[in-house]
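Participant: the following comprises the amino acid sequence and a computationally predicted model.
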Amino acid sequence: MSDLPKPNELISKIDRTPPRTGWMDTPVNIRKGMYCYAANPKSVEYVGLPYPHAWNPVEEDWHLPENWKEILHEGFKVRLERFRSFKVFMDICVRCGACADKCHFFIGTGDPKNMPVLRAELLRSVYRNDFTTAGKILKRIAGARPLTMDVLKEWWYYFFQCTECRRCSVFCPYGIDTAEITIMGRELLNLLGLNIDWVATPVANCYRTGNHLGIQPHAFKDMIDFFVDDIESITGIRVEPNFNKKGADILFITPSGDVFADPGTYTCMGYLMLHHFLKEKYGLDITWSTYASEGGNFGFFTSHETMKRLNAKMYAEAKRLGVKWILGGECGHMWRVINQYMDTMNGPADFLEEPVNPITGTRFENARSTKMVHISEFTADLIKHGKLDLDPSRNDNLVVTFHDSCNPSRGMGMFDEPRYVIQNVVKNFYDMPANTIREQTFCCGSGAGLNAGENMELRLCGGLPRAMAVKHVHEKYGVNMLATICAIDRAALPTLMEYYLPDVRVTGVTELVANALILPGEQERTTNLRGEPLPGMEEEE
């Protein structure tokens, strides 16, 4: 990040002065650092998306088919007929601006077209022109404009400056979900092969190998084995995870980012230790899959059909292995897909049992249809019933705050369970200001496939509101650890903290649990999962 401006310089660049020209007359400026690279044509072709081809966002010619306008018009028409909510969202917005200053990208860039209302208007103006009588007659007076190449480029630039976090929808008096409009905009762009590579290639990898990183089953198992060795060196206990075990009680699925990227790897070690504890003490039989080795769903950032196809693999594997239900790890978009889309896309999963915790007897009513339980909910239930042996003093060197990941929080209403878990495994916990958490939580700035390297300035701008909220509790309470339950957050937030608050690190909640968890027969621990001395063990090291 050496070529980026200093934080104060980046913030000082934010200019919220309205342009002198109207938004329809302000040309799009596709600027370095604010966009992701175009999708690799091989990835687009592999998943069967339309019109795979090489193109460059900064070149004038995007090499589109001659009938590209007709393709988009027909695609727009089909989606208006298929999705009633989309039609409603196109019609009912009164442009009141209640959402305008709620988007982290507008706050961080000052660009008016990053206001949710105006980002949606980019699409809505073409809708009025092509599909409404008023638009056809009154044209610009009715807020309509024809689809041109400049408009298309504007769509691409700004629909990939939206993380689909839905914070704007919380404040809309009409209940418009602008994230759904972004999803539709991206679906239309995909009809012309105009995806970004940070989305298209992970989707292709997931089709081919079962996970976004393209890791083969044997390599996936090898990575888990490395964690097993690390756990043994720290605890003296050799955990023995199951892989592809038919007839196991539970199938466990987590995002591949937890297996292959720090600091998610420590969260993954936490899963393994928790599974081992439950097996040794209560006989709970949990299996991993080397085939459905991805909980995340980048199809969600592509199209409804792609989302559906990727989601199906988890349930196909659960059926093949004959488990009772699915336990899911700390992921963001996996849980939004499960909670909001699963039933109408792939479910209900009637071949699985309604999830019941065999240790506590708790029936997870919210998972009655999806048959999938969140690890934080599961762990909170175990703690509430006194089923885990914990030593919170092992985390005494940490002052923790919690980032509500957009999808598990706004997308599925999980606010209290992670906090309950944290407060039982650490002694020092402080929430960020109320208007930055829970339903109103700010995004990490890198979701929806934007966690690339080439768009780093955009990511740092989008993450600014979250960073400032962390700065508040860092200065007031001495917070030095930011906990979260999303793999993209664990990949994106360390960069954000390094830029704005280098004294604050990032962790998964299950890593904190594992540090405090007392395994049966373990040796005296001197370090945490990161190999750092536990409180009081510094001199011995």
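Facilitator: Arrived safely, thanks for sending.

Participant: what segments of this protein are strands?
Facilitator: 242-243, 250-253, 286-288, 325-328, 372-374, 400-402, 481-484, 505-508 (DSSP state E).

Participant: listing partners with orientation, what would you give for the fourth one?
Facilitator: Strand pairing for strand 325-328, determined by DSSP bridges: strand 250-253 (parallel), strand 372-374 (parallel).

Participant: right, and Val373 touches Ile326 too?
Facilitator: Yes - assessed by Cβ atoms under 8 Å, Val373 is found in contact with Ile326 at 7.3 Å. For the C-beta atoms, the positions are set from N, CA and C on the backbone; glycine is no exception.

Participant: so for these two, which sits in the more crowded spot?
Facilitator: Neighbour count, other Cβ atoms under 10 Å: between Val373 and Ile326, Ile326 has more, with 25 against 22.

Participant: still on that earlier bit, looking at the strands of the chain, which is closest to Asn435?
Facilitator: Closest approach to Asn435 among the strands of the chain (Cβ to Cβ): strand 400-402, 14.7 Å.

Participant: now do the closest one: everything it contacts.
Facilitator: Strand 400-402 has contacts (Cβ atoms under 8 Å, 6 or more residues apart in numbering) with 418-419, 422, 426, 428-432, 437, 470, 473, 477, 479, 481-484, 507, 509, 512.

Participant: which residues in the stretch 51-200 of the chain form helices?
Facilitator: Remark: helices assigned in the stretch 51-200 of the chain by DSSP state H, counting those that start in this stretch are 68-82, 84-92, 104-109, 116-131, 133-138, 149-159, 167-171, 178-190, 197-209.

Participant: what's the angle from the longest one to helix 149-159?
Facilitator: When axes from the mean of the first three to the mean of the last three Cα atoms, to 10 degrees is applied, the directions of helix 116-131 and helix 149-159 differ by 140 degrees.

Participant: and helix 116-131, what other elements does it pack with?
Facilitator: Counting contacts by 3 or more Cβ pairs under 8 Å, 6 or more residues apart in numbering; DSSP states H and E, helix 116-131 is packed against helix 68-82, helix 84-92, helix 133-138, helix 149-159, helix 178-190.

Participant: mean neighbour count, mean pLDDT and distance to Pro18 added to these, as TSV?
Facilitator: Output for the helices and strands packed on helix 116-131, formatted as TSV (neighbours: other Cβ atoms under 10 Å; pLDDT from 0 to 100; distance: least, Cβ to Cβ, whole Å):
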stretch	mean neighbour count	mean pLDDT	distance to Pro18
helix 68-82	15	98	29
helix 84-92	15	96	25
helix 133-138	13	96	24
helix 149-159	19	98	17
helix 178-190	23	96	21
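
Participant: TSV please, covering the ones you listed and showing distance to Asn346.
Facilitator: As requested, the helices and strands packed on helix 116-131 are exported to TSV (distance: least, Cβ to Cβ, whole Å):
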stretch	distance to Asn346
helix 68-82	17
helix 84-92	19
helix 133-138	37
helix 149-159	25
helix 178-190	17
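
Participant: Glu232 is nearest to which of the ones you listed?
Facilitator: Nearest to Glu232, of all those, is helix 178-190, at 43.6 Å by Cβ to Cβ.

Participant: next, count neighbours for Asn397.
Facilitator: Considering only other Cβ under 10 Å, Asn397 is surrounded by 17 other residues.

Participant: name the nearest residue to it, ignoring sequence neighbours.
Facilitator: Leaving aside its chain neighbours, Asn397 sits nearest to Pro535 (4.8 Å; criterion: Cβ to Cβ, 6 or more residues apart in numbering).

Participant: before we move on, the earlier item: which one of the helices of the stretch 51-200 of the chain lies closest to Ile11?
Facilitator: Ranking the helices of the stretch 51-200 of the chain by proximity to Ile11 (Cβ to Cβ) places helix 104-109 first, at 8.6 Å.

Participant: what comes into contact with that closest one?
Facilitator: Under Cβ under 8 Å, 6+ apart, the answer for helix 104-109 is 14, 100-101, 111-112, 114-116, 161-163, 165, 167, 442-443, 445, 458, 460-466.

Participant: in stretch 167-177, what counts as buried?
Facilitator: Arg167, Cys168, Ser169, Val170, Cys172, Ile176, Asp177 (16 or more other Cβ atoms under 10 Å).

Participant: do stretch 37-52 as well
Facilitator: The neighbour-count check on stretch 37-52 (16+ other Cβ under 10 Å) flags Ala38, Ala39, Asn40, Pro41, Ser43, Val44, Glu45, Tyr46, Val47, Leu49, Tyr51, Pro52 as buried.

Participant: ditto for stretch 415-424
Facilitator: For stretch 415-424, burial by neighbour count (16+ other Cβ under 10 Å) applies to Phe415, Glu417, Pro418, Arg419, Tyr420, Val421, Ile422, Asn424.
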